[in-house]
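1. quick one, structure for this:
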Amino acid sequence: MKNNYSDILNRIKEEPKWFDPTGCPRYETFHPKYLDYTGGKPIFLLKICCQRCSKVFKVAVVEIKDREPTYGDPPRTNCCMAGDTMNSTTISILEYWKETSDECFGVYKKREKERDKQNCRFGLKPIKK
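-> You can find the predicted model right below:
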């Protein structure tokens, strides 16, 4: 179960644009600079849904080497009775960020992750353009 940020969610009427890996709601456009990140691993912005009620969320994930990027439990938004304690389902990879070796630490280049039928590491549908 993710951290409870109801103190923030209840005060701000606007829906969060995305959630960080701990489930903290974020209201600015996604960028890796908003994450507690030490560098060296790819960062993904995923579209996920609650397994119980199918509410959709955008969430940030720091990839663990050689594993599909997953988020685990959905953010605690009280989307349904059991949602906070159930695993989420990854719908798609929205953004892929990797630190570039030719630039300073903390500067990222946004790249689209290749996910066609021929080269589908994650088994997800390609992003519609």
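2. where does this structure have low pLDDT?
-> Along the chain, the model assigns pLDDT under 70 to residues 38-39, 64-66, 83, 100-129.
3. off-centre distance for the strand ranked longest in it?
-> As far as residue count goes, and with DSSP state E defining each element, the longest strand of the chain is strand 88-99. In terms of Cα atoms, centre = their mean, to the nearest Å, the centre of strand 88-99 is set 6 Å apart from its chain centre.
4. now do the buried residues in it.
-> Residues of strand 88-99 classed as buried under the neighbour-count rule (16 or more other Cβ atoms under 10 Å) are Ser88, Thr90, Ile91, Ser92, Ile93, Leu94, Glu95, Tyr96, Trp97, Lys98, Glu99. The way it works is simple: take the backbone N, C-alpha and C, and place the C-beta from them, glycine included.
5. just checking: what are the partner strands of that strand?
-> strand 43-50 (antiparallel), strand 108-111 (antiparallel) (DSSP bridges).
6. ok, Cys79 - contacts?
-> For Cys79, the contact set (Cβ atoms under 8 Å, 6 or more residues apart in numbering) comprises Cys50, Arg52, Cys53, Lys55.
7. the third one: neighbour count?
-> As a burial measure, the neighbour count of Cys53 was computed by other Cβ atoms under 10 Å and equals 13.
8. does it lie in a helix or a strand, and which?
-> Under the assignment given by DSSP states H and E, Cys53 is not contained in any helix or strand.
9. need phi/psi at it.
-> The phi and psi torsions at Cys53 (degrees, to the nearest 10) take the values phi -110, psi -10.
10. skipping adjacent residues, who's closest to it in space?
-> Spatial nearest neighbour of Cys53, chain neighbours left out: Cys80 (3.8 Å); criterion: Cβ to Cβ, 6 or more residues apart in numbering.
11. show me where this structure has its strands.
-> Using DSSP E, strands in the chain cover 18-19, 25-26, 43-50, 56-62, 88-99, 108-111.
12. got the CA positions of the fourth one in PDB?
-> In PDB, the C-alpha atoms belonging to strand 56-62 read as follows (Å, rounded to 0.1, in the frame of the first residue of the first chain):
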ATOM      1  CA  VAL A  56      -6.600   5.300 -14.600                       C
ATOM      2  CA  PHE A  57      -3.500   7.000 -13.200                       C
ATOM      3  CA  LYS A  58      -0.200   8.400 -14.600                       C
ATOM      4  CA  VAL A  59       2.700   7.300 -12.400                       C
ATOM      5  CA  ALA A  60       6.500   7.600 -12.400                       C
ATOM      6  CA  VAL A  61       8.700   4.500 -12.100                       C
ATOM      7  CA  VAL A  62      12.400   4.100 -11.800                       C
END
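13. I appreciate the help and will end here.
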